[in-house]
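A.B. asks: Show me the folded form of this:
(one chain, ligands or ions: 1)
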Amino acid sequence: MCGIVAYIGPKEAYPILVKGLHRLEYRGYDSAGIALLNNKLVVHKTKGKVCELENYVKDKNTTGTIGIAHTRWATHGEPNVQNAHPHYSQTKKLAIIHNGIIENYNTLKSELINRGCHFESETDTEVLVNLIEDIQVNEHVELEEAVRIALNQVIGAYSIVILSSEYPDMLIAARKGSPLVIGIGKDDFFLASDATPIVEYTKNVVYLDDEEIAILKRNSVFKIKTIKNKEKTPYVQELEWNLNELEKGGYEHFMLKEIYEQPRSITDSFRGRLNAIKGIVSLGGIIDYEQKLLYAERIIIVACGTSWHAGLVGEYLLEEIARISVEVEYASEFRYRDPVINEKDVVIAISQSGETADTLAAIDLAKEKGATVLGICNVVGSSIARATDAGSYTHAGPEIGVASTKAFTAQVTLLTLLALRLAQLKGTLPKSRFMQILHELEMIPKKVEIALNDNGVVEKIAREFQNARNFLYLGRGFNFPVALEGALKLKEISYIHAEGYPAAEMKHGPIALIDKDMPVVFIAPNKGIYDKVVSNIQEVKSRNGRIIAIVTQGDETVKNMADYIIEIPETEELLVPLLATIPLQKLAYHIAVLRGCNVDQPRNLAKSVTVE
Ligand code: AGP
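C.D. replies: Numbering: from 1, shown residues only. A predicted model of the protein is given here:
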């Protein structure tokens, strides 16, 4: 969602800010803007993409060594120039950029209007900047103090950066419930919603905590304090990311690059955590919580979207091999339905971005009810990683494509490690079986590589079905969540309606949809209840549905029934999701490209959904 970039230092700010905005484009947005200070505080904003902002400022003065910039994903007010950020205060001495939502903005706005304030936009953000100015002027306090007082009056979520023409050598930033990272350069500071705009300048970062205010000055001086006025010692961390992880590296799209990165990202997810020869599985981040997990009355997995699908695979894994009862909940439902939950439960929150608002709210609720809360996140230092009692990072590397690919397989890898570790501790698997799965898991990256090299089969199928209006994805057992994930990938990037279903449930409704125009994707590896899936395929075939089947290499039965087959290597049943997902990601990708869709930034979608 919205993206923040800011700079203060000796260099020209504009190129740094614009490059930063481009880096944040993947988060999703509908307008962009920039404020620069060079004697005068100037704001430039446009509707649409960052390149439109660049065009707009071509003949304008963009000099200045301090500035703030923003990409906005509309929440309050339609996406237009007035509502785009930065927002000036009434006197035009202050400019602000803001991510999040000020929930009591209407009350604050009425009070400010009564005091003579005029508003140009419909946004909550313009209310905040005017509140700060009002306090600064009427309470005769420094800007820093005015920001602090104002933040004590607002209810809601924010990460903000403020630039003032009266303080040309200072930026003020603050956060609550919306991420903000400070990059500490040699003689400059960078601020951003995530580390992507920062990593090429410095690897030293401070993740601002909730209700903290940072005051950054030109002479490399910075301090952090809370909105209750308590000084904090900044904790400087080193970024793990490399610049080349943020570039397309010769691929046409980030999504394609990320699909092809999976042999590496899966390896990184189990690096240092799995030793198949010695029979060791360990997840350092949650080692202190192993007993809690073992004796948990229930494990409740909360997540959204693709991460929720990974959670479903986790449920099958944990129940089957560790014999622990698991429930998987949409975080958005869990947070509002007063769930029965207590201190004997362990909640596992799964999130790529670590910023999903609903997942964060579910964590808060679980904590309130006394449950232990663990996190599985990809983004280091993210809000969810910090809100949980402990957790493990997936180490998939930055995922830029809005459609999650490598993060999903990394989440599934991590859940597999967790299930194996708990099974080992509980003794629910015979040693030989345990060792067998470990060995097979270690082989998965090689097998993913094989699945990726399909000799153009998936592309050919994509060409055949690019104009389909609907798709049905069917799978059973471990492959039911894979069917859901395949359908989600297709709909989010190609805008084709697709549904995932447990294959046997088809006859309770969706079978009515089947005719010669309905492509049905079956995930049909030769494992588990294969015969039953074969019967389901037969049911579709006899109604003239067009069958695309993901099968194990060498399968002859399904080959003789399906219109198209896509082969994946043989593996353990419980590891099939890691392989079967690959061709489904590729199918969605190729169909979207053929339909001319914006694969990396699909319409209406944001990479991290920081509003509910
Ligand atoms: C996946 O392709 C999506 N774009 C989306 O469903 C995503 O998985 C969901 O918003 C959850 O995000 P998170 O993993 O960052 O919490």
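
A.B. asks: what's near enough to touch G3?
C.D. replies: 20-21, 24-25, 27, 29, 70-71, 99, 192-193 (C-beta atoms under 8 Å, 6 or more residues apart in numbering). For the C-beta atoms, the positions are set from N, CA and C on the backbone; glycine is no exception.

A.B. asks: Next one: the closest residue to it other than its chain neighbours from C2, what distance?
C.D. replies: Leaving out its chain neighbours, the residue that sits closest to G3 by C-beta to C-beta, 6 or more residues apart in numbering is L24, at 3.2 Å. Separation of L24 from C2 (C-beta to C-beta, to the nearest Å): 9 Å.

A.B. asks: Quickly list what's touching both of these two.
C.D. replies: 71, 193.

A.B. asks: returning to what we had before: would you turn the contacts of G3 into TSV with secondary structure?
C.D. replies: TSV is the format used below for these (DSSP: H, G, I helix; E, B strand; the rest coil):
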residue	secondary structure
G20	helix
L21	helix
L24	helix
E25	helix
R27	helix
Y29	coil
H70	strand
T71	strand
N99	strand
A192	strand
S193	coil
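
A.B. asks: Could you save those as JSON lines and add columns showing pLDDT, distance to the ligand and neighbour count?
C.D. replies: Output for the contacts of G3, formatted as JSON lines (pLDDT from 0 to 100; distance: C-beta to the nearest ligand atom, whole Å; neighbours: other C-beta atoms under 10 Å):
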{"residue": "G20", "pLDDT": "97", "distance to the ligand": "20", "neighbour count": "27"}
{"residue": "L21", "pLDDT": "96", "distance to the ligand": "21", "neighbour count": "26"}
{"residue": "L24", "pLDDT": "92", "distance to the ligand": "15", "neighbour count": "27"}
{"residue": "E25", "pLDDT": "89", "distance to the ligand": "15", "neighbour count": "19"}
{"residue": "R27", "pLDDT": "84", "distance to the ligand": "11", "neighbour count": "26"}
{"residue": "Y29", "pLDDT": "85", "distance to the ligand": "15", "neighbour count": "24"}
{"residue": "H70", "pLDDT": "97", "distance to the ligand": "21", "neighbour count": "31"}
{"residue": "T71", "pLDDT": "95", "distance to the ligand": "17", "neighbour count": "29"}
{"residue": "N99", "pLDDT": "91", "distance to the ligand": "15", "neighbour count": "31"}
{"residue": "A192", "pLDDT": "96", "distance to the ligand": "17", "neighbour count": "28"}
{"residue": "S193", "pLDDT": "92", "distance to the ligand": "13", "neighbour count": "28"}
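
A.B. asks: hmm, which two among these are most spread apart?
C.D. replies: E25 and N99 (14.8 Å; C-beta to C-beta).

A.B. asks: And the residue of this structure that's closest to the ligand?
C.D. replies: For the chain and the ligand, the shortest gap (C-beta to the nearest ligand atom) falls at G305, measuring 1.9 Å.

A.B. asks: My guess is that residue contacts L488. True?
C.D. replies: Yes - assessed by C-beta atoms under 8 Å, G305 is found in contact with L488 at 6.8 Å.

A.B. asks: what about the strands in the stretch 251-400 of the chain?
C.D. replies: Secondary structure of the stretch 251-400 of the chain by DSSP state E, counting those that start in this stretch: the strands cover 274-275, 280-281, 299-303, 326-330, 346-351, 372-377, 390-393.

A.B. asks: Return the member of the contacts of G3 nearest to E238.
C.D. replies: A192 (16.3 Å).

A.B. asks: Any figure for the gap between the closest one and A69?
C.D. replies: 10 Å.

A.B. asks: what do the two both touch?
C.D. replies: By C-beta under 8 Å, 6+ apart, the residues touching both A192 and A69 are 4-6, 20.

A.B. asks: In terms of helices and strands, where is L216?
C.D. replies: L216 belongs to strand 212-217 when elements are defined using DSSP states H and E.

A.B. asks: my bad, should have said Y14
C.D. replies: helix 13-24.

A.B. asks: just checking, what packs against that helix?
C.D. replies: Other helices and strands packing on helix 13-24, by 3 or more C-beta pairs under 8 Å, 6 or more residues apart in numbering; DSSP states H and E, are strand 3-8, strand 31-38, helix 50-57, strand 66-72, strand 189-192.

A.B. asks: For it, buried residues please.
C.D. replies: 13-14, 16-24 (16 or more other C-beta atoms under 10 Å).

A.B. asks: which one of these sits closest to E166?
C.D. replies: A13 (18.0 Å).

A.B. asks: ok, now which ones touch the closest one?
C.D. replies: Contacts for A13 were tallied using C-beta under 8 Å, 6+ apart; they are 7, 36, 64-67.

A.B. asks: and the gap between the nearest residue to it once chain neighbours are set aside and V18?
C.D. replies: Excluding its sequence neighbours, the residue lying closest to A13 (C-beta to C-beta, 6+ apart) is G67, at 3.7 Å. Distance of G67 to V18, given as C-beta to C-beta: 10 Å.

A.B. asks: Mutual contacts of those two, please.
C.D. replies: With C-beta under 8 Å, 6+ apart as the test, G67 and V18 both reach I34.

A.B. asks: just to revisit the earlier point, can you tell me which of the contacts of G3 lies closest to E570?
C.D. replies: R27 (39.1 Å).

A.B. asks: Give me the number of neighbouring residues for D358.
C.D. replies: Using other C-beta atoms under 10 Å, D358 has 23 neighbouring residues.

A.B. asks: how many neighbours does the nearest residue to N38 once chain neighbours are set aside have?
C.D. replies: Taking C-beta to C-beta, 6+ apart, and ignoring the residues beside it in sequence, N38 has G64 as its nearest neighbour in space, at 3.6 Å. G64 is flanked by 22 other residues according to other C-beta under 10 Å.

A.B. asks: Which positions in the stretch 501-612 of the chain make contact with the ligand?
C.D. replies: 605, 608-609 (C-beta under 6 Å from any ligand atom).
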